[in-house]
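Novice: following is a predicted model, sequence given first.
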Amino acid sequence: MLELLSCGYHYVHPDGITIDRPRGAGNYAFVFFKSLAEIVVDGRAISVEPGMHIIFGPDTPYLYRHLELPFVNDWFHCIGNDMEQLLAELDYALNEPLKAVDTLQISRGVMELRRIQSNGGRLAGRILDTELRGFLMKLANATQAAPLPEKVSGYYGAFVDLRSALYNAPHERTTVEELAARVNMSKSYFQHSYKQFFGVPVMTDMIAARLEYAKYLLKNSRLSVSEVSNLCGYDNDTHFMRQFKKYVRVTPKHYRHAGDAAAPGRRTE
């Protein structure tokens with residue numbers, strides 16, 4: 001079981017800070033840098049830019065200090081008998097600064113850890129164990145993905161939020177132009193960036209979000225096909241039925257009665 005010892009979200013040090021642990025912290029220390037800093041680990045001095053993170057091992061001698069003011073960071077300390085095994089399984093390198101793919105995801109994760117710890121409760125320890133594991137898995141998954149072009153990497157968090165909104169509200173009638181405006185991009189550059197991030201065109205995702213919701217409604221309600229069509233953001237039933245048949249490979253009525261066994265799932269282009 002992993003145990004969260006202490007945690008800090010968006011700590012601001014107006015006069016800077018130097019953390020010096022010549023014998024290590026005795027626990028696993030995660031630091032997410034939001035300001036320029038220098039790390040000295042295993043005798044190596046490394047300049048660290050904002051948006052980088054590191055996990056120091058329990059027995060690793062290290063030091064980090066500000067290189068600009070104010071110095072801002074997120075951090076936590078944790079222990080756990082299977083922490084070493086978990087990091088090895090995730091192929092997450094200790095004592096090496098890594099560039100964050102989604103800085104918002106990291107800060108939100110640390111903020112949630114602090115919130116759970118502050119609220120306490122009978123199950124807080126078990127919840128924190130689960131949250132810590134999930135946080136580290138997401139971190140490793142993002143870090144080990146194919147690197148994003150520098151020009152668009154800063155937009156990743158905004159695109160993740162936008163994609164989540166598409167799937168959370170498939171009934172909303174929106175256009176690619178409107179989506180592009182949300183991230184201040186031209187339509188063509190937005191479409192190109194979206195496919196770079198997620199591997200599918202934005203239109204494919206918009207259709208997939210609607211059809212996943214339609215499949216849910218068909219299986220879990222007594223709504224008519226026409227009502228399902230309207231709730232999924234379609235202007236007319238004919239377009240809905242044609243698109244459903246094209247991507248799910250069966251008609252809505254057939255899907256309702258036959259279920260998932262007859263439907264191969266999402267189609268991509």
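Specialist: Yep, that arrived.
Novice: all the helices of this protein, residue numbers only.
Specialist: 83-90, 103-119, 124-143, 150-153, 156-168, 176-182, 187-198, 202-220, 225-231, 237-248, 252-258 (DSSP state H).
Novice: for the ones you listed, which has the smallest mean pLDDT value?
Specialist: When the helices of the chain are compared by mean pLDDT, helix 150-153 comes last with a mean of 60.
Novice: most remote residue from this structure's center?
Specialist: Computed with Cα atoms, centre = their mean, the residue of the chain farthest from its C-alpha average is residue 238, at 36.4 Å.
Novice: any idea how far that residue is from residue 247?
Specialist: Here the criterion is Cβ to Cβ, to the nearest Å. By it, residue 238 lies 15 Å from residue 247. C-betas here are computed from N, CA, C, even on glycine.
Novice: burial check on the closest residue to residue 104 other than its chain neighbours, number of neighbours?
Specialist: Nearest residue to residue 104, sequence neighbours excluded (Cβ to Cβ, 6 or more residues apart in numbering): residue 157, at 3.7 Å. Neighbour count for residue 157, taken as other Cβ atoms under 10 Å: 18.
Novice: what of residue 66?
Specialist: 20.
Novice: can you tell me how far the residue positioned nearest the centre of the chain sits from residue 143?
Specialist: The centroid of the chain falls nearest to residue 105 when counting by Cα atoms, centre = their mean (5.0 Å). To residue 143, residue 105 is 11 Å away according to Cβ to Cβ.
Novice: likewise for residue 76?
Specialist: With Cβ to Cβ as the criterion, residue 76 and residue 143 are 17 Å apart.
Novice: and those two? Which one has more around it.
Specialist: residue 76 (25 against 17).
Novice: now do that one against residue 248, distance only.
Specialist: 44 Å.
Novice: going by neighbour count, list what's buried in the longest strand along the chain.
Specialist: The longest strand of the chain (DSSP state E) is strand 3-13. By neighbour count on 16 or more other Cβ atoms under 10 Å, the buried set for strand 3-13 is 4, 7, 9.
Novice: that strand pairs with which strands, and in what direction?
Specialist: strand 71-79 (antiparallel) (DSSP bridges).
Novice: now the strand it pairs with: buried residues?
Specialist: For strand 71-79, by 16+ other Cβ under 10 Å, it's 71, 72, 73, 74, 75, 76, 77, 78.
Novice: same question for stretch 200-209.
Specialist: Across stretch 200-209, burial judged by 16+ other Cβ under 10 Å covers 201, 202, 204, 205, 206, 207, 208, 209.
Novice: touching, residue 129 and residue 78? I think so.
Specialist: No: under the criterion of Cβ atoms under 8 Å, residue 129 is not in contact with residue 78, lying 9.5 Å apart.
Novice: please enumerate the shared neighbours of these two.
Specialist: Jointly contacting residue 129 and residue 78 under the rule Cβ atoms under 8 Å, 6 or more residues apart in numbering are 2, 3.
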